[in-house]
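A.B. asks: got a structure for you, letters missing:
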């Protein structure tokens, strides 16, 4: 359960980070000190990718108890479109809205696949 909860929490944090990255220029101007503003655009984008990908690797520790936990691991590929887009520094502002949508879908896929793995194990 903890791995599923931490994983889904990381994806939710990635969604918030993507939103903060989208708003970095306006937040900086208005004096808002979000995490993305504090650590900078490049590091924030790297943190997003880590928060999005790590949840799909965490179930690997459960594979010895049940191969069903390979199901969420196999969905790591679902992170690629959002990860590629956010790592492109030329994609800013409203152009990052698709990343928010993709991240939400990744969260849904993780929750469904991890739940299925729990049921099958």
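C.D. replies: Arrived safely, thanks for sending. Please read these numbers as outputs of a predicted model, since none were measured by experiment.

A.B. asks: go through the helix or strand containing residue 18 and flag the buried ones.
C.D. replies: Per DSSP states H and E, residue 18 falls inside helix 2-22. For helix 2-22, a neighbour-count test (16 or more other Cβ atoms under 10 Å) marks 3-4, 7-8, 10-11, 13-22 as buried. Backbone N, C-alpha and C define where each C-beta goes, glycine included.

A.B. asks: what's the answer for stretch 101-110, then?
C.D. replies: So, applying 16+ other Cβ under 10 Å, buried residues of stretch 101-110: 102-103, 106-107, 109-110.

A.B. asks: where exactly do the helices run in this structure?
C.D. replies: Per DSSP state H, the chain carries helices over the ranges 2-22, 24-30, 35-39, 41-57, 70-74, 80-87, 97-120.

A.B. asks: dump these to TSV, plus distance to residue 64.
C.D. replies: Listed next are those as TSV, based on distance: least, Cβ to Cβ, whole Å:
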stretch	distance to residue 64
helix 2-22	13
helix 24-30	42
helix 35-39	35
helix 41-57	15
helix 70-74	11
helix 80-87	27
helix 97-120	13
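
A.B. asks: can you lay out the buried residues of stretch 101-110 as CSV showing distance to residue 82 and pLDDT?
C.D. replies: Listed next are these as CSV, based on distance: Cβ to Cβ, whole Å; pLDDT from 0 to 100:
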residue, distance to residue 82, pLDDT
102, 4, 96
103, 5, 97
106, 7, 96
107, 11, 96
109, 12, 95
110, 13, 95
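
A.B. asks: and which of the residues you listed is nearest to residue 45?
C.D. replies: Distance ranking of the buried residues of stretch 101-110 against residue 45, using Cβ to Cβ, places residue 103 first at 12.9 Å.

A.B. asks: find the nearest non-adjacent residue to the closest one, please.
C.D. replies: Distances taken as Cβ to Cβ, 6 or more residues apart in numbering place residue 15 nearest to residue 103, at 4.7 Å, with adjacent residues excluded.

A.B. asks: neighbouring contacts of the helix holding residue 18?
C.D. replies: 27, 34-37, 41, 44-45, 47-48, 51-52, 54-56, 58-59, 61-62, 72, 82, 86, 92-94, 96-97, 99-100, 103-104, 106-107, 110-111, 114-115, 118 (Cβ atoms under 8 Å, 6 or more residues apart in numbering).
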